[in-house]
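>>> Fold the following.
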Amino acid sequence: MNVYEAIKTRRSIRSYEDRPVEEDKLHRILEAARLAPSASNLQEWRFVVVRDAHIRKKLMEAAKGQRFVGEASVVIACCAKTDQHVMTCGQMCYPIDVAIAIDHMTLAAVEEGLGTCWIGAFFADQVREILGIPENVPVVELLTLGYPASVPGPSSRLPFDTIIKYERWSD
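Next up is the predicted model:
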């Protein structure tokens, strides 16, 4: 598979098989995150990998009861150990850098025959307590990972001409 095929076939998976993710596959996916680019090469991302079913069930509750969070073989809490560095453009580094690393994981997962889903609907304070994450470490996203039980069709996308502008902004 090439990267374009991975991009086209990646889906948000919300139904997982009861099947563990092999250690070598998990390692390659986490390595993809480690190799992601980051502003000023700060590499502020940190990941808590959860495979324990009991802890995943607690994370499911912290994620507003979304059942598939507890069903996934792995839940990754995507965090940042940050000094709150702001780029010249005015954006904080850590949310963008963590997002890039997550996207690397989602594409690597497709290559491995696995599915993922970004989770933003969760209570960070509860996740922090469940996983022992310090108060000064932002929990940016949760990411589910596992073997898909079903794969949805593609989502609708805006037309190319709607989102791409050349040379100058135009409505």
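
>>> Quick one: end-to-end length of stretch 154-171, please.
27 Å (CA to CA, to the nearest Å).

>>> what's the neighbour count on the residue nearest to Met92 when sequence neighbours are not counted?
Excluding its sequence neighbours, the residue lying closest to Met92 (CB to CB, 6 or more residues apart in numbering) is Val86, at 5.5 Å. Glycine gets a C-beta too; all of them are placed from N, C-alpha and C. Neighbours of Val86 under the rule other CB atoms under 10 Å: 12.

>>> The one 10 residues further on now?
Ile96 is flanked by 16 other residues according to other CB under 10 Å.

>>> now do His54
Counted with other CB under 10 Å, His54 comes out at 8.

>>> I'd assumed it was in a helix, is it?
Yes - assessed with DSSP: H, G, I helix; E, B strand; the rest coil, His54 lies in a helix.

>>> And the helices in this protein?
3-9, 23-34, 53-62, 67-71, 93-111, 124-131, 160-163 (DSSP state H).

>>> Mean pLDDT added to those, as a markdown table?
Below are these laid out as a markdown table (pLDDT from 0 to 100):
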| stretch | mean pLDDT |
| --- | --- |
| helix 3-9 | 93 |
| helix 23-34 | 98 |
| helix 53-62 | 98 |
| helix 67-71 | 97 |
| helix 93-111 | 98 |
| helix 124-131 | 98 |
| helix 160-163 | 93 |
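
>>> Relative to Phe47, which of the ones you listed is closest?
helix 23-34 (6.6 Å; CB to CB).

>>> what residues does that closest one touch?
43, 45, 47, 49, 74, 101-102, 104-105, 107-109, 112, 114, 145 (CB atoms under 8 Å, 6 or more residues apart in numbering).

>>> Would you mind checking which of those residues is nearest to Glu61?
Closest to Glu61, out of all of those and judged by CB to CB, is Val74, at 17.4 Å.

>>> State the distance from the residue nearest to the closest one when sequence neighbours are not counted to Val50.
In space, and not counting its chain neighbours, Val74 is closest to Leu145: 4.1 Å by CB to CB, 6+ apart. Applying CB to CB, to the nearest Å, the value for Leu145 to Val50 is 10 Å.

>>> Mind listing the shared neighbours of those two?
With CB under 8 Å, 6+ apart, Leu145 and Val50 have common neighbours Val74, Val75, Ile76.

>>> and the first one, how many neighbours?
Residues lying near Val74 (other CB under 10 Å) number 22.

>>> contacting residues for it?
Contacts for Val74 (CB under 8 Å, 6+ apart) come out as Val21, Leu26, Val49, Val50, Arg51, Thr144, Leu145, Gly146.
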